[in-house]
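1. Predicted model follows, preceded by the sequence.
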Amino acid sequence: MTDEFDDPATGEAELPRRRQLAVTWGIPDQYGGMTAALLHRSRAFVRRSGAAVDILTFESRPDYEDVRQRLRAQGELIDGMRLRNIYEDFRAAARAPVDVPRRTGSRSRPHDEETATVAGSVRRWRRGEADERVEHRRSDGSLAVLEEQRRGGRLITSFDRAGRPTGQWTSASAFRFAWIDDVLGADEAVVIADSKTVARFLQRYRRPNIALIHMVHGSHHDSRGRLTASRRPIFENLHRWDAVVFLTARQRAAAAALLGDTGNLHVVPNGVTLPERMPRLPRDRLHGVIVSRLSGIKRLDHALRIIAAVRELGIPVTADIVGEGAQHARLEAQAKGLGVAGAVRFTGYVPRAADLYARASWTLLTSRSEGESLSLVEAMAAGCLPVAYDIRYGPAEVIADGRNGHLVPDGDVDAAARALVALCVLDDDALAAARRAARRTAQQHDDEATVARWAAVQRAAVGRAALRESLDDTALQRVRVRRLRGRLLVTARVPSRRRRARVDVRLSTPERTAALATMRRFGRWRFVRLDRQGSEQLGGVEASDTVRTRFLVHVDGAVIAVDAGSRHPDHRSLVRRAADRLRR
């Protein structure tokens, strides 16, 4: 087990005196770890720091009052937490009418040849692949928001109950930003984006009264170390955020090694609520609980094979697999094929599933990757001992092999089966000691500790946001990219007031991985000459190739992002360049 808390928080669990916003795409009926972590963090902010939290969502489902009631009944939404949805607010808002230009060809009603589908207060029409029209209506039938997508672009218009326009936007981002502006007014706020879908557009939301934080819940790269397509737009622009929070120190280090340390990377693990006391030893020492989404990335087929292997050794383990997902039917069929259908129960989605760990002796984690497994820490908090693949990221940060669970090589079903056997044959004293050790590990994730870390991160983000507002993108001038003796050379002029700044340069071509290096100072000029390895990283850049040049200028703890655009490297020799200048 490594020490993931190398970014210690100091001071009380007192968040900055600002409004707290948690931003995600939506709240699914059967939500997983990311939404559970967001709701838990928000409750901890309310209970430990006295801060009210607004949870903002952007999905178009029309039944958000039902969602609220369900979350309140489950104890997930408490006083001090407010769940808001953009379309629900526009259906209810009493905005003043405004004069807006109407796009040529825009219609208030669809033609007969268009088809309509109705889902509550959302009506959608399509004509061909390029045209789309979505109506968001109130319960009285009046139109609240009209979204039109045509070959000429996007147009979103809001209306009052009398049908008068109250606003118009030419992009979804502008529409969403206007709503957030309405929610906040002139208030200062900390905005935490949990969903990567939301983070892709929210990273462009810049306001002087906002500190913007992205919470990374999943792994950011594939098995070959490349950025995943869904996270690339975010991770190539980490400097846009006032803070980026990872769940483990290993993932933060991996991101810094791949992309450069932008000075805003932090670590805060998922928080858990520990039972008031350690649950008694479970009556059934051989029973396990696995809480997981039933999807391919979780590799629950491995868990079934592990259970089957242990039962073949004469140890009659049983398990509840708690969760729902696209692979439910396939996994049930596999359990039948392995002869463990009577030993494994698929419960489906269960609210507050973590409570089930108190009745279990063991759990399995067989995922391909994790940001940090919330369910793993929840299990350990209840004394439920894990057997986990040693994947990136999470298990190695909390499991001390043989003391509070077992770590086995990634994908090694036989090793996992042997580890589960070892847990099942522990005597009472050894089992109780391992359960106590697991609980002590989980205590590092209790709400008091995690809120104190969040307070430190938010203070740093607020300070960075204030510095960012005082800077601009004129930090570098006369940027040039050249190729000399097989290496790339980048030069830029730095204004005198920025001469002490550290400047990182990132080069990339459309087909090749970016190369990153730090520029050196020479008077008012800065330069970087990539070594052979860095130049080869980009491949053989030809005269016809374009190289994108981006800079991160570090000044007083803030980072100015400067995109110098794409250019063709100058392949002329120094003599040829000098001669060309003389001819001018």
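-> Happy to help now that I have it.
2. Quick check: end-to-end length of stretch 357-377?
-> 11 Å (Cα to Cα, to the nearest Å).
3. buried sites along that stretch?
-> Neighbour counts over stretch 357-377 (16 or more other Cβ atoms under 10 Å) mark 357-358, 360-377 as buried. (Each C-beta comes from the backbone N, C-alpha and C, glycine too.)
4. Which other helices and strands does the helix or strand in which Arg311 is found contact?
-> Using DSSP states H and E, Arg311 sits in helix 300-312. Counting contacts by 3 or more Cβ pairs under 8 Å, 6 or more residues apart in numbering; DSSP states H and E, helix 300-312 is packed against strand 287-291, strand 318-322, helix 328-337, strand 362-365, helix 413-424.
5. Indicate which one of the ones you listed is closest to Gln149.
-> helix 328-337 (34.2 Å; Cβ to Cβ).
6. Run the chain-centre distance for the closest one.
-> Computed by Cα atoms, centre = their mean, to the nearest Å, the chain-centroid distance of helix 328-337 equals 31 Å.
7. pLDDT of that helix, averaged?
-> Averaged over helix 328-337, pLDDT sits at 96.
8. Nearest residue to the middle of the protein?
-> Central residue of the chain (Cα atoms, centre = their mean): Val216, 3.4 Å from the mean position.
9. need the contact list for that one.
-> By Cβ atoms under 8 Å, 6 or more residues apart in numbering, the contact list for Val216 reads Val244, Val245, Phe246, Leu247, Gln251, Gly371.
10. Kindly recompute the last result at 10 Å.
-> 193-194, 196, 199, 231, 234-235, 238, 244-248, 251-252, 255, 265, 371-372, 393 (Cβ atoms under 10 Å, 6 or more residues apart in numbering).
11. likewise His406?
-> 362, 385-388, 390, 395, 399-400, 415-416, 418-420, 422-423, 434.
12. Of these, keep whichever come out buried.
-> For the contacts of His406, buried by 16+ other Cβ under 10 Å: 362, 385-388, 390, 395, 399-400, 415-416, 418-420, 423, 434.
13. What is the nearest of those to Arg468?
-> Set against Arg468, the nearest of the buried ones among the contacts of His406 by Cβ to Cβ is Pro395 (36.1 Å).
14. gap between Gly323 and Ser295?
-> Per Cβ to Cβ, to the nearest Å, Gly323 is found 9 Å from Ser295.
15. Pick out whichever of these two has more residues nearby.
-> Gly323 (22 against 16; other Cβ atoms under 10 Å).
16. Tell me if I'm right that the more buried one and Pro351 touch.
-> No. With contact defined as Cβ atoms under 10 Å, Gly323 does not reach Pro351; the gap is 11.7 Å.
17. any shared contact partners between the two?
-> By Cβ under 10 Å, 6+ apart, the residues touching both Gly323 and Pro351 are Gln30.
18. got the contact list for the closest residue to Arg299 other than its chain neighbours?
-> In this structure, Arg299 finds its nearest non-sequential neighbour in Thr366, 4.5 Å apart by Cβ to Cβ, 6 or more residues apart in numbering. Taking Cβ under 10 Å, 6+ apart, we find Thr366 in contact with 290, 292, 298-306, 387-389, 391, 408, 410-411, 413, 416.
19. go on, Ala434?
-> Contacts of Ala434 (Cβ under 10 Å, 6+ apart): Gly383, Leu385, Ala400, Gly402, Arg403, Asn404, Gly405, His406, Leu423, Leu426.
20. hang on, it is in a helix, isn't it?
-> Yes. Ala434 forms part of a helix when assessed by DSSP: H, G, I helix; E, B strand; the rest coil.
21. okay, now Ala199: neighbour count?
-> Ala199, neighbours per other Cβ under 10 Å, totals 26.
22. tell me the secondary structure for it?
-> helix.
23. Just confirm it contacts Ala193, I think it does.
-> Yes. Judged on Cβ under 10 Å, Ala199 makes contact with Ala193 at a distance of 4.5 Å.
24. gap between Trp241 and Leu516?
-> With Cβ to Cβ as the criterion, Trp241 and Leu516 are 18 Å apart.
25. Among the contacts of Val216, which ones are in strands?
-> Ala193, Val244, Val245, Phe246, Leu265 (DSSP state E).
26. For the fourth one, the count of nearby residues, please.
-> When neighbours are defined as other Cβ under 10 Å, Phe246 has 27 of them.
27. swap in the last one?
-> For Leu265, the tally of surrounding residues (other Cβ under 10 Å) stands at 22.
28. Provide a list of residues in contact with it.
-> Counted by Cβ under 10 Å, 6+ apart, Leu265 has contacts 7, 216, 238, 241, 243-246, 249, 251-253, 255-256, 259.
29. let's go with 8 Å and repeat that
-> Leu238, Val244, Phe246, Arg252, Ala255, Ala256.
30. Isn't the third one up against Asn270?
-> Put plainly, it is Phe246. No. Applying Cβ atoms under 8 Å, one finds Phe246 not in contact with Asn270, separated by 11.1 Å.
31. Just the buried residues from the contacts of Val216, in ChimeraX please.
-> The buried residues among the contacts of Val216 can be selected in ChimeraX (16+ other Cβ under 10 Å) with this line:
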select :193,194,196,199,231,234,235,238,244,245,246,247,248,251,252,255,265,371,372,393
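32. any chance you could map the strands in the stretch 401-550 of the chain?
-> Per DSSP state E, counting those that start in this stretch, the stretch 401-550 of the chain carries strands over the ranges 406-408, 477-484, 487-493, 502-509, 512-518, 520-522, 525-529, 547-555.
33. Skipping its backbone neighbours, what lies nearest Gln149 in space?
-> Using Cβ to Cβ, 6+ apart, the closest residue to Gln149 is Glu132 (4.2 Å).
34. Read off the pLDDT value for the one you found.
-> 84.
35. can you list the weak-confidence ranges in the stretch 301-450 of the chain?
-> Along the stretch 301-450 of the chain, segments meeting pLDDT under 70 span 371-372.
36. can we see that at 80?
-> Applying pLDDT under 80 to the stretch 301-450 of the chain picks out residues 370-373, 392-394.
37. what's the answer for the stretch 51-200 of the chain, then?
-> 93-96, 98-131, 150-152.
38. where do the strands sit along it?
-> Under the criterion DSSP E, counting those that start in this stretch, the stretch 51-200 of the chain contains strands at 53-57, 81-85, 115-119, 122-127, 131-137, 143-150, 153-159, 165-169, 189-193.
39. starting at the chain centroid, how far to the longest one?
-> Just to be clear, that refers to strand 143-150. Worked out by Cα atoms, centre = their mean, strand 143-150 lies 29 Å from the chain centre.
40. and if you look at the first one?
-> Using Cα atoms, centre = their mean, we find the averaged C-alpha position of strand 53-57 to lie 16 Å away from the chain's own average C-alpha position.
41. Tell me the helices and strands packed up against that strand.
-> Judged by 3+ Cβ pairs under 8 Å, 6+ apart, the packing partners of strand 53-57 are strand 19-23, helix 33-49, strand 81-85, helix 172-184.
42. what's the closest of those to Ile315?
-> Closest to Ile315 of the helices and strands packed on strand 53-57 is helix 33-49 (Cβ to Cβ; 29.5 Å).
43. contact partners of that closest one?
-> Here helix 33-49 has contacts from 13-15, 20, 22, 24, 27-28, 51-53, 55, 71, 76-81, 194-195, 215, 217-218, 270-273, 293, 373-375, 447-448, 450-451, 454-455, using Cβ under 8 Å, 6+ apart.
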